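# The following comprises the amino acid sequence and a computationally predicted model.
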Amino acid sequence: MNATYRPPEFGPFRTYPTRMDQQEGFKDEQGVCAHCLSGACCTSEGPIALTSFDVLRLATFFDMSPAEFLKSFTQDRFDENEDDEWRRELIENPDSSVITFLRRRSKSAASPCIFLKYILDSDETPRRVCGVHSARPLACREYYYDTCKKRVTGELAASQAEGYELIRDSKITANIVNEELKRLGRVGPHDSLSRVWRAAYWSEMLRALDPDRANNEGADSYTISEYQDPLDEKLNRLLSARNLRFEEKYGSEPNAEQLQSYEAGLSFKRTAEYERIMRIIHEQPRMGLFEGVNYPHRFGLRSLMPGVHLARDFGTSLAGDVSNHSTGSSEVDRAIRRGWEYLLGVSSLSLRTGGPLELEPPGAFELLMIQSLAPFGDDIQRAVAGSVCLKPARHHLGRIASAALWGAFESLDHGRGTKRDMMQLVLLLCSIRPGFYPRVFTNALQALRKATSSHVRAALTTSKRICTSRNLHEGHNRRSLPDRSDILGRIRMANWVQRSELSDRFLDVLLNMLEHASLDEIGRLEALATTESLLETRRLRIGATRRLRELVIRWSGEMGNPELWDRELLLCWPRLCAKLRLATNEIIGVSTAREYILISQALDGGWNTDLAPIPPSQNGQSDYLENAVRSTTRALESLWALRAALI
């Protein structure tokens, strides 16, 4: 490896996957797609679903029969892809329009679409575009930037767009790409997110450096018939499908993108692009350009790439690179600075994308982020020695979150929802952790407390039966009680409407349950999570705090070697001990937790952001961000407690 090698320097945060001089002026974000450099959606969104109309449209475009098109350009299975089962269900569902999927450049579902090609703009900037754009499938026609920006696709696209401009400016060269790939070594899809991201990024830059070579690389690296259903089955699906163009989504009356006109005629067959596509599907690859690592995951942020930062719309805790602050600053302080910058960078996504939680209601992302900032007062801002960024972040997030909560309540209060929906909203309101909030948010919470009090009191009336003296006895029949999370919700509701006597009765029930909690790994984590949640309630009498202290001290002695504890427990252990005012000589595990927190911080400053291995439960960008933000908040609270010598 080259000891004098210097990696390229990346520029400021790029909102859109367009040129840097085109980052402003999009009144309608659908227009972003026409200026996109990356074409990442043709890679990262998985194989493209085809309806019967899509097959007929594309077969006409290529001037071939539907049967010939199905044999040459479609697949029903892909290598090493857990989504094959889901795709099979989609194909076999009689109400689904999907009959098959477009083939890729390789047998991997994460490789680019067979029709994606490279071109050079007039200034030599590489760009990826669709080679059959006028006949593209409905799934492509209905996909716009408003979807892209809330998924990992938007992050990949913006990152690649910057890389293409760096290639144009000779700041990324073949030598740089080869050096980066050599340093990475062999990377598989199950490596850490950052290694896979980097390998996929530099593999893409290798292709973009020589567009002609990439375009003409053969795609016949596998026997495609082995990844296809029998042709008779596919023809049957094509000709007997109940729905032809996503009627299950749009309704029986065709509209919008379903009715896009077809004006290409049969002219495509006379073009060089037709010749290229027909050639590469019959030629074996010579360079292995599309056999390298592609990014297969549906979650991640561009900050997984070393040297790439999130947006700094709320300022930054650093005056330059983190390493410049090492002098006179403890390891804990440096970790706090980096973690704080990560939280503020993720918060900035609210300004840049409107919130990246695609499947959540409006305001859910802002509510998540404002609660992540809530435990920290202005003193953390002074400690990280940066520009003032906490107050504007809180104000922005609080304004959107409070408006969303009010909107949800008013909608339910006017009958647009069930009683269950209203109770779910009430439980969400009751679970908002105490902390430092802007006035606009606290005023909204006070008004919502008054507006929802009748609903809460009605729910609490049905709860009194579990608070009898028999249930409070140490030998109560715990099977007759709701689970801990249910009782915790009742405590929060009682506090919400200031029913302290009822809250105390529920609290006694819950403490009795905790005192009899199983200390297997799952039971221990659930019990400690409940303990943490109790400590975040707005009113907790002194006697209850004492009982919790005794429980935690007992548990710490029974849990064995701290080095074997669950990593989520280690992240929050110093924070929990600090809230209970436990001294280090009273409890074990604090020093182990400190070391774990410091070494587990990812390069982007967050915790649980650079996952390895990938948890089976991880599902999309929303889950990824929620888990990363919560873990980072826990770790920062623990570090802040260590710094303040609270334990």
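Everything's here; your move. Numbering: from 1, shown residues only.
# for the helix or strand harbouring Arg127, packing partners?
If you go by DSSP states H and E, Arg127 is part of strand 126-130. Here strand 126-130 touches strand 116-120, helix 152-168, helix 193-209, going by 3 or more Cβ pairs under 8 Å, 6 or more residues apart in numbering; DSSP states H and E. No exception for glycine: its C-beta is placed from N, CA and C like everyone else's.
# what mean pLDDT would you report for the second one?
The predicted model assigns helix 152-168 a mean pLDDT of 97.
# how far away is the nearest residue to Asn2 once chain neighbours are set aside from Arg57?
Distance criterion Cβ to Cβ, 6 or more residues apart in numbering; nearest residue to Asn2, sequence neighbours excluded, is Glu179 at 5.8 Å. Separation of Glu179 from Arg57 (Cβ to Cβ, to the nearest Å): 44 Å.
# Strands along this structure, start to end?
Using DSSP state E, the strands of the chain run over residues 49-50, 74-75, 100-102, 116-120, 126-130.
# Parallel or antiparallel, list what pairs with the first one.
In the sheet, strand 49-50 lines up against strand 100-102 (antiparallel) (DSSP bridges).
# got it, and the second one?
Here strand 74-75 is paired, per DSSP bridges, with strand 100-102 (antiparallel).
# I'd say Leu548 and Thr531 touch.
Yes. Using Cβ atoms under 8 Å, Leu548 makes contact with Thr531 at a distance of 5.7 Å.
# Could you name every residue contacting both of those two?
Counting by Cβ atoms under 8 Å, 6 or more residues apart in numbering, the contacts common to Leu548 and Thr531 are Leu514.
# Wait, the residue nearest to Asn2 touches Thr4, no?
No. Contact criterion Cβ under 8 Å: Glu179 and Thr4 do not qualify, at 10.6 Å.
# who's more crowded, these two?
For Glu179 and Thr4, the more surrounded residue by other Cβ atoms under 10 Å is Glu179, and the numbers stand at 17 against 4.
# Relative to Asn294, how far out is that one?
Distance of Glu179 to Asn294, computed by Cβ to Cβ: 20 Å.
# before we move on, what about Lys419?
Distance, Lys419 to Asn294, using Cβ to Cβ: 47 Å.
# Equivalent analysis for Ala161, please.
Distance from Ala161 to Asn294, by Cβ to Cβ: 17 Å.
# what about these two, which has more around it?
Using other Cβ under 10 Å as the criterion, Ala161 and Asn294 rank with Ala161 on top: 27 against 23.
# from what I can see the more buried one touches Arg19, true?
Yes. Between Ala161 and Arg19 there is a contact under Cβ under 8 Å: 7.4 Å.
# tell me, what's touching these two both at once?
Taking Cβ under 8 Å, 6+ apart as the criterion, Ala161 and Arg19 both touch Leu37.
# ok so, going back, just send the strands of the chain back as TSV, with mean neighbour count and distance to Ser411 too.
Shown next, in TSV, are these (neighbours: other Cβ atoms under 10 Å; distance: least, Cβ to Cβ, whole Å):
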stretch	mean neighbour count	distance to Ser411
strand 49-50	23	33
strand 74-75	24	44
strand 100-102	24	38
strand 116-120	18	42
strand 126-130	20	40
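# Please identify which of those strands is closest to Ile277.
strand 116-120 (8.5 Å; Cβ to Cβ).
# Put the alpha carbons of that closest one into PDB.
Provided in PDB are the C-alpha atoms of strand 116-120 (Å, rounded to 0.1, in the frame of the first residue of the first chain):
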ATOM      1  CA  LEU A 116     -28.800   1.400 -16.900                       C
ATOM      2  CA  LYS A 117     -26.000   2.900 -18.900                       C
ATOM      3  CA  TYR A 118     -23.300   5.500 -18.500                       C
ATOM      4  CA  ILE A 119     -23.000   8.700 -20.500                       C
ATOM      5  CA  LEU A 120     -20.700  11.800 -20.300                       C
END
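# tell me the average confidence for it?
Taken as a whole, strand 116-120 has an average pLDDT of 97.
# Next, the angle helix 193-209 makes with it.
Interaxial angle, strand 116-120 versus helix 193-209 (axes from the mean of the first three to the mean of the last three Cα atoms, to 10 degrees): 60 degrees.
# from here on, count from 704
Done: numbering now begins at 704, and the last item shifts to strand 819-823.
# Endpoint to endpoint, stretch 757-772 covers what distance?
Stretch 757-772 has an end-to-end distance of 11 Å (criterion: Cα to Cα, to the nearest Å).
# Could you pull up the residues touching Leu753?
For Leu753, the contact set (Cβ under 8 Å, 6+ apart) comprises 761, 777, 801-805, 840, 842.
# and the gap between it and Arg790?
11 Å.
# what is in contact with those two at once?
Common neighbours of Leu753 and Arg790, counting by Cβ under 8 Å, 6+ apart, are Phe804.
# Low-confidence bits of the stretch 754-903 of the chain, can you list those?
Regions of the stretch 754-903 of the chain meeting the criterion pLDDT under 70 cover residues 784.
# what about the helices in the stretch 904-1053 of the chain?
Remark: helices assigned in the stretch 904-1053 of the chain by DSSP state H, counting those that start in this stretch are 914-918, 934-943, 950-953, 975-983, 1034-1050, 1052-1056.
# Count the neighbours of Gly888 for me.
Per other Cβ under 10 Å, the neighbour tally for Gly888 reads 9.
# quick one: it and Lys1153, what's the gap?
Distance of Gly888 to Lys1153, given as Cβ to Cβ: 61 Å.
# next one: Val832
Using Cβ to Cβ, Val832 is found at 56 Å from Lys1153.
# likewise Ala944?
Note on Ala944: its distance to Lys1153, by Cβ to Cβ, is 54 Å.
# So which of those two has more stuff around it?
The residue with more neighbours, out of Ala944 and Lys1153, is Ala944; 20 against 10, by other Cβ under 10 Å.
# returning to that earlier point: dump the helices and strands packed on strand 829-833 into TSV; add distance to Leu1004 as well.
As requested, the helices and strands packed on strand 829-833 are arranged in TSV below (distance: least, Cβ to Cβ, whole Å):
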stretch	distance to Leu1004
strand 819-823	24
helix 855-871	5
helix 896-912	9
